[in-house]
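Colleague: Fold the following, please.
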Amino acid sequence: MHPDDPSDQKLTDARPTTPSDDAASTERTIGRHRALDPPRRTLLGSTPVRVALATGVTCCLSLVAVASARGNDDSPRTVEPLAEAVADRAGIADERASRSLDRDAAPARILPSPTAKPTPTPTAVRKAAKKPVKPRRPRPVAGLDQAQMDNAKIIVDVGLEMKMPRRALVVALATAMQESNLYNLASDVLPESAQYPNQGSGSDHDSVGLFQQRPSSGWGTVAQLMRPSYAARAFYTALNEIPGWQDMSVTAAAQAVQISAYPDAYAQHEDRATTVAAALTA
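Modeller: Now for the predicted structure:
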C-alpha cells in the first residue's frame, strides 16, 4: 500500500471466494502457482483393452498346449533310419527303370542272409603255407650215376603202377642196362629222335630210347618211344603177353620180349638189376 493512500483503504483479496470453472482463466495459465492438469487415464488402464489382452493370451496358451499334446502323441513313433529310406527310394527307382513289359507286380526283393566264412583250422593253414616239394631224386647205387638212377626209378615206378611183381622189375632193369646202359638214347638213323630230350645217341638201325625199341617194328612213334615212361610201359605190356615168363630166367624172359641177336647178354646184369630194384622199392 502506498503511504499516501488513506488508511481506511484496505486491500482486499482479489481472488473470488469461489473458484472459477473457466478453463481459460489466466490464473491457471500464468504464474508459479499454475494449477496442475487433471491426470489422464492410460490405454492399458482401460477395461476393454485389458479384457482383449487377456483373451489373446488365453488363446495363445491354448494353441501351445494343443501343439505340445500333438508332439507328445507322435513321440513314441519310430522314425525310419536314413539308410532304409534311401534303400526304399533306390528300390522304387529300380522298379520304375525296369524294361520289362510286365508291370502287374513288382518282383520281390530277397536280401541274401550273411553267411559266416568258416575259420580255417591250424592244420589247413599249415598245409596252405607249405610249398610244393619236388620229389627227391634217388641216391645212385650199384655203380650208376644220377641220370641212370633217375631212369631206373621211372622203370620201377611204371612197373609198380601196373602192379607187376618184383621179378618183372628186375627183368626190365636188366634189359635196359644191356640195351642202352640206362640212358635215353636217340638214333643217328632217325634225325627226328634228336628233337626230343635225350642223353646220347646210338646207331643200331632205328632203335631208340631206354629199351632200344624200333618204331618200324610197331612199338610206337618216335616221340612216344623217346619218353622213358612210355617205353617202360610198352616193355611190361609185351612181357605180360609171354606165357609163363614168371618161370623163365631173367635172360630168357628178356630175350622173349626183345628178340636180340645176343640172347645171353642180359644175364650179366641180373645182380645189379636186383640191387637197384631193392633200393627203389625199399
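
Colleague: List the buried residues in stretch 249-260.
Modeller: 250-258, 260 (16 or more other C-beta atoms under 10 Å). The way it works is simple: take the backbone N, C-alpha and C, and place the C-beta from them, glycine included.

Colleague: sorry, that was for stretch 223-242
Modeller: 224-228, 230-236, 238-239.

Colleague: Apart from its chain neighbours, what residue comes closest to Gln268?
Modeller: Counting by C-beta to C-beta, 6 or more residues apart in numbering, the nearest residue to Gln268 once its immediate chain neighbours are dropped is Gln178, at 7.7 Å.

Colleague: doesn't Ala265 make contact with the one you found?
Modeller: Yes: between Gln178 and Ala265 there is a contact at 5.2 Å, judged by C-beta atoms under 8 Å.

Colleague: Name the residue in these two with the higher neighbour count.
Modeller: Using other C-beta atoms under 10 Å as the criterion, Gln178 and Ala265 rank with Gln178 on top: 22 against 18.

Colleague: pretty sure that one is in a strand, no?
Modeller: No: if the criterion is DSSP: H, G, I helix; E, B strand; the rest coil, then Gln178 is helix and not within a strand.

Colleague: And the helices in the protein?
Modeller: 26-29, 47-74, 82-96, 122-129, 146-161, 166-180, 222-225, 228-240, 250-258, 270-281 (DSSP state H).

Colleague: For those helices, which has the smallest mean pLDDT value?
Modeller: Per-segment mean pLDDT for the helices of the chain reaches its minimum on helix 26-29, at a mean of 44.

Colleague: just to revisit the earlier point, any chance of TSV for the buried residues of stretch 223-242, columns distance to Ser193?
Modeller: Below are those laid out as TSV (distance: C-beta to C-beta, whole Å):
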residue	distance to Ser193
Gln224	11
Leu225	8
Met226	6
Arg227	12
Pro228	13
Tyr230	13
Ala231	12
Ala232	17
Arg233	19
Ala234	16
Phe235	18
Tyr236	22
Ala238	21
Leu239	24
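
Colleague: which pair in these spans the largest distance?
Modeller: Every pair in the buried residues of stretch 223-242 was compared (C-beta to C-beta); the two farthest apart turn out to be Met226 and Leu239, at 20.6 Å.

Colleague: The residue nearest to Ile242 when sequence neighbours are not counted and Trp219: what is the separation?
Modeller: Spatial nearest neighbour of Ile242, chain neighbours left out: Ala256 (4.7 Å); criterion: C-beta to C-beta, 6+ apart. For Ala256, the distance to Trp219 (C-beta to C-beta, to the nearest Å) stands at 15 Å.

Colleague: residues touching Val156, list them.
Modeller: Residues near Val156 by C-beta atoms under 8 Å, 6 or more residues apart in numbering: 169, 173, 276-277, 280-281.

Colleague: Do I have it right that the residue nearest to Ile242 meets Ser249?
Modeller: No: with contact defined as C-beta under 8 Å, Ala256 does not reach Ser249; the gap is 10.4 Å.

Colleague: so what pLDDT did Ser203 get?
Modeller: What the model reports for Ser203 is a pLDDT of 88.

Colleague: excluding its backbone neighbours, what's nearest it?
Modeller: Nearest residue to Ser203, sequence neighbours excluded (C-beta to C-beta, 6+ apart): Asp188, at 4.6 Å.

Colleague: The one you found against Ser201, yeah?
Modeller: Yes: look at Asp188 against Ser201 with C-beta under 8 Å: they come within range, at 5.4 Å.

Colleague: how far away is Leu225 from Gln246?
Modeller: On the measure of C-beta to C-beta, Leu225 and Gln246 end up 26 Å apart.

Colleague: actually Asp271, sorry about that
Modeller: 19 Å.

Colleague: Likewise for Lys134?
Modeller: 36 Å.

Colleague: now do Ser217
Modeller: 25 Å.

Colleague: repeat for Arg272
Modeller: 21 Å.
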